[in-house]
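# The sequence and its predicted three-dimensional model are supplied below.
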Amino acid sequence: MQQNPLPSSVTGIDSLIHAAGHHRPLAPGATTTNLVPLLDDVRDAMVAIYCDHDAQAAHRIEHARSLLRDQAGASMAAWSLLEEAAFHLRLHHPWSALSALRQAGDALLMARLDGGRA
């Protein structure tokens, strides 16, 4: 088995950037609320945490939470996970915040694939 020569933090950032560029298509005939800005906020918050910019990450999480409040039919799971990410960030637990943000992003993607319903 060959070991990856890149440090784990670089591998994680590379994986994040690669995954952020790929969106699965919507289900045929699905109508959805606009979750793209929410996904952008989640992705940008994750990158900010990786770069040790917690204040910027907190701002992006708060923006995502405000967008989620305004969108009918948006994911309640994503809402609670964004709350969790903000909580962990306030406690200076960046890895726990990243985990919650990853899960929030997944919940938003599922809501997007489900036509905005979650």
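Looks like it came in fine. Numbers count the residues shown, from 1 in each chain.
# Now tell me what touches stretch 86-94 from outside.
49, 52, 54, 57-58, 61-62, 65, 96-97, 100 (C-beta atoms under 8 Å, 6 or more residues apart in numbering). Heads up, the C-betas are built off the backbone N, CA and C, glycines and all.
# Just the buried ones from those residues?
Buried members of those, counted by 16 or more other C-beta atoms under 10 Å: 49, 54, 57-58, 61, 65, 97, 100.
# Lowest-confidence member of those, which is it?
Among these, Arg65 carries the weakest pLDDT, at 91.
# Need the nearest residue in space to that one, chain neighbours excluded.
Leu82 (5.1 Å; C-beta to C-beta, 6 or more residues apart in numbering).
# residues touching the one you found, list them.
Residues in contact with Leu82 (C-beta under 8 Å, 6+ apart) are 42, 61, 64-65, 68, 100-101, 104.
# Okay, and it sits in which element?
Per DSSP states H and E: Leu82 is located in helix 76-90.
# any idea of the angle the helix or strand that that helix is followed by forms with helix 76-90?
Using DSSP H and E, the helix or strand that follows helix 76-90 in sequence is helix 94-113. Per axes from the mean of the first three to the mean of the last three C-alpha atoms, to 10 degrees, the angle that helix 94-113 makes with helix 76-90 is 160 degrees.
# okay but Ala104 is in contact with Val42, surely?
Yes. At 5.6 Å, Ala104 counts as touching Val42 under the criterion of C-beta atoms under 8 Å.
# Give me the common contacts of those two.
By C-beta under 8 Å, 6+ apart, Ala104 and Val42 have these common neighbours: 64, 82.
# Dump the buried ones among the contacts of stretch 86-94 to CSV, plus distance to Leu38 and secondary structure.
Output for these, formatted as CSV (distance: C-beta to C-beta, whole Å; DSSP: H, G, I helix; E, B strand; the rest coil):
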residue, distance to Leu38, secondary structure
Ile49, 17, helix
Asp54, 20, helix
Ala57, 15, helix
Ala58, 16, helix
Ile61, 11, helix
Arg65, 9, helix
Ala97, 17, helix
Ala100, 14, helix
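# No further queries at this time; thank you.
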